[in-house]
Each structure stands twice: as structure tokens, then as C-alpha cells.
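K.L.:
What shape does this take:
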Amino acid sequence: MADEARAPLVNGNGKLAFALAAVVVVLDQAIKAFLLGPFDLLDKGLVKVIPLFALDSVWNPGVAFGMLRAESPTGRWLLVGFAACVVVALGLWARRMDRWLGAVGVGLIMGGAIGNNVIDRVRWGEVFDYLHWTGPFFPWVINLADASISVGVGVLVLDSLIDARHAKR
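P.N.:
Now for the predicted structure:
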């Protein structure tokens, strides 16, 4: 009887977050494998796609936009450990998320953190960036995992604003 009343370990929104994280990790790593392998972006250098966008190959030892560089082995493993702790904390939170929009945000952040700050740093010691927006207002080269983290944070902010608005009513 007690087992029937027990809540599931992961609710539907949690499953959404974990599934989205897995999709981000697979896509991020598949794109990197293609660009570093058959496409051979390292030898091609900058590849213009459209006037304000190109593919480029940049190895980033930093955390966000090249800041907080982890150029020593100790720094590298501290970043891996920190990212793993963040992913575990987000995973615990995601298990029982109330709202689907928050689950989407958490899933995007988890997937990006796993793709960049765990897998890339364990494999190469730094992150492989390849999306080069050449406009004057965005001078950085990023990747799918970076974009996923940024969009995920935006989605979480939006979710909290929506929740706060509903709480006032």
C-alpha cells in the first residue's frame, strides 16, 4: 500500500529535462566530431557561411567567453568537478519540477554543461568552439552547448517571471 502512494522518482517534467539534456549532449558532441573529423575545420580555418556568420575553430580554456581561464591541469579538473556538481544539483532539482518551461531551461543548461564543461574538458582539457558570429556586437566564438546554456538561463528567467506573475494573482 505504501509503495502505491509514493511519488515517482522523476516526474514528467523531470523526464523532459533529462531528455532535452541528452539531446543537447548528443547534438553538441556529434557536431564537434563532424567538424573536427570529416569536415576538417582545423585545417580549413575560417569558413564563411553567410555575411555575418562563419565556422571557425577556437580552443577555449576559459569558462564563459574565454574568462576564468583554466590553463593548468588543476584548473581544468576544478572546472570539471564544479560543472559535475552543478549538473548533479540541477538533476536533483529537475526530478520534480512543477512547470514544463522550467524543465526546458534546466535541461538546456544541464546538456550544455555536460557537453562543454565535462566531456570537452575531460577529452581535450578545453572547449572546442566553432560558431563565429562576425557582427560588431558579438565578437565571441561559441558552440551549441554554450548557446544551450545561455538559452536555458533565459528560459529559467522567463519561467520565474511567469511564476511570479501568477503568484500575484
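K.L.:
Go ahead and confirm residue 131 touches residue 143.
P.N.:
Yes: applying Cβ atoms under 8 Å, one finds residue 131 in contact with residue 143, separated by 6.0 Å. Just so you know, the C-beta spots here come from the backbone N, C-alpha and C atoms, and that holds for glycine as well.
K.L.:
out of these two, which sits in the busier spot?
P.N.:
Legend: neighbour count by other Cβ atoms under 10 Å for residue 131 and residue 143, higher for residue 143 (22 against 18).
K.L.:
how much space between the most centrally placed residue in the chain and residue 101?
P.N.:
Centroid-nearest residue in the chain: residue 112, 1.3 Å away (criterion: Cα atoms, centre = their mean). As judged by Cβ to Cβ, to the nearest Å, residue 112 and residue 101 stand 17 Å apart.
K.L.:
hang on, residue 164 is in a strand, isn't it?
P.N.:
No: according to DSSP: H, G, I helix; E, B strand; the rest coil, residue 164 belongs to no strand; its state is helix.
K.L.:
Check what pLDDT it gets.
P.N.:
We have a pLDDT of 78 for residue 164.
K.L.:
Relative to residue 25, how far out is it?
P.N.:
Taking Cβ to Cβ, one finds residue 164 at 31 Å from residue 25.
K.L.:
May I see the buried residues of the host helix or strand of residue 130?
P.N.:
In the assignment (DSSP states H and E), residue 130 maps to strand 127-133. Neighbour-count burial for strand 127-133, with 16 or more other Cβ atoms under 10 Å as criterion, is recorded at 127, 128, 129, 130, 131, 132.
K.L.:
now swap in stretch 156-168 and tell me
P.N.:
Neighbour-count burial for stretch 156-168, with 16+ other Cβ under 10 Å as criterion, is recorded at 156, 159.
K.L.:
circling back: what is the strand holding residue 130 packed up against?
P.N.:
Judged by 3 or more Cβ pairs under 8 Å, 6 or more residues apart in numbering; DSSP states H and E, strand 127-133 is in contact with helix 12-36, strand 53-60, strand 141-142, helix 144-168.
K.L.:
which of those sits most buried?
P.N.:
The highest mean neighbour count among the helices and strands packed on strand 127-133, using mean count of other Cβ atoms under 10 Å, belongs to strand 141-142: a mean of 22.
K.L.:
and it, what does it pack onto?
P.N.:
strand 53-60, strand 127-133.
K.L.:
Nice, that's everything, thank you.
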